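Chemist: sequence-free structure coming up:
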């Protein structure tokens, strides 16, 4: 029996359920009847929420707790923070670590294996002119002035996208971005959701939702990711976040003894 996030479904000739299926009445109650202590349950790319108490996770724990035969696959062991690793621990050991934070001692004797799939990350730094910096600061102030009751996070999101028009893009180079606003004649730009296998691309911007980037990297299996970033504040902010994600994922790999792939 397999639970697999839709884009990464294994397509095997077994019962296979998607992320939304896990909480459906038509799935939940029949599975509680069907799962036995001889059932093998495979959970593939199912870390889709940072909320450890998410309803989908809770339903999965009910299924997984009925059999000792469990295999959990995840391309990256975190979404963007150390604590995310406990989501995987909960799926592999339902109820055992409930409510506990990550402690290296709890990993002793557990069967954890894999490869460090993080790409090498680089930044191509673009120094902007004083004129562009002045436009940036005005646009930033205008966004804050018109914010009203909207989520403050919309300001850096929009500002980061706005910076893209001041990045030198060249025909013949493959790029990836949050959207196709810069996809003019002769340019090859796709969105992160359109990424395909074995397709190395330079990042014009970085997704605000870390899962969107994680999914792209898993799909393309890029070994390197270059970010085309200006020296403006918002681009530096997103680059620093990417470096922090890379560091935290690396610390989890080190704790578990997982080696570079």
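Modeler: Done, it's in. Being a predicted model, the structure only gives us computed values, none of them experimental.

Chemist: what's the burial count for residue 256?
Modeler: A count of neighbours around residue 256, defined by other C-beta atoms under 10 Å, yields 17. Backbone N, C-alpha and C define where each C-beta goes, glycine included.

Chemist: sorry, slip of the keys, the one I care about is residue 186.
Modeler: The number of residues near residue 186, taken as other C-beta under 10 Å, comes to 9.

Chemist: residues contacting the nearest residue to it once chain neighbours are set aside?
Modeler: Excluding the flanking residues, the one nearest residue 186 by C-beta to C-beta, 6 or more residues apart in numbering is residue 171, at 3.9 Å. Residues near residue 171 by C-beta atoms under 8 Å, 6 or more residues apart in numbering: 186-188.

Chemist: for residue 171, give its distance to residue 197.
Modeler: 24 Å (C-beta to C-beta, to the nearest Å).

Chemist: do the same with residue 44
Modeler: Taken as C-beta to C-beta, the span from residue 44 to residue 197 is 16 Å.

Chemist: what are the boundaries of the strands in the stretch 151-261 of the chain?
Modeler: For the stretch 151-261 of the chain, the strands defined by DSSP state E, counting those that start in this stretch occupy 174-177, 188-191, 202-203, 224-230, 259-260.

Chemist: comparing these, which comes out most buried?
Modeler: Highest mean neighbour count of these: strand 202-203, a mean of 23 (counted as mean count of other C-beta atoms under 10 Å).

Chemist: and that one, how far out from the chain's middle?
Modeler: 16 Å (C-alpha atoms, centre = their mean, to the nearest Å).

Chemist: helices or strands next to it in the packing?
Modeler: Applying 3 or more C-beta pairs under 8 Å, 6 or more residues apart in numbering; DSSP states H and E, one finds that strand 202-203 contacts strand 174-177, strand 224-230.
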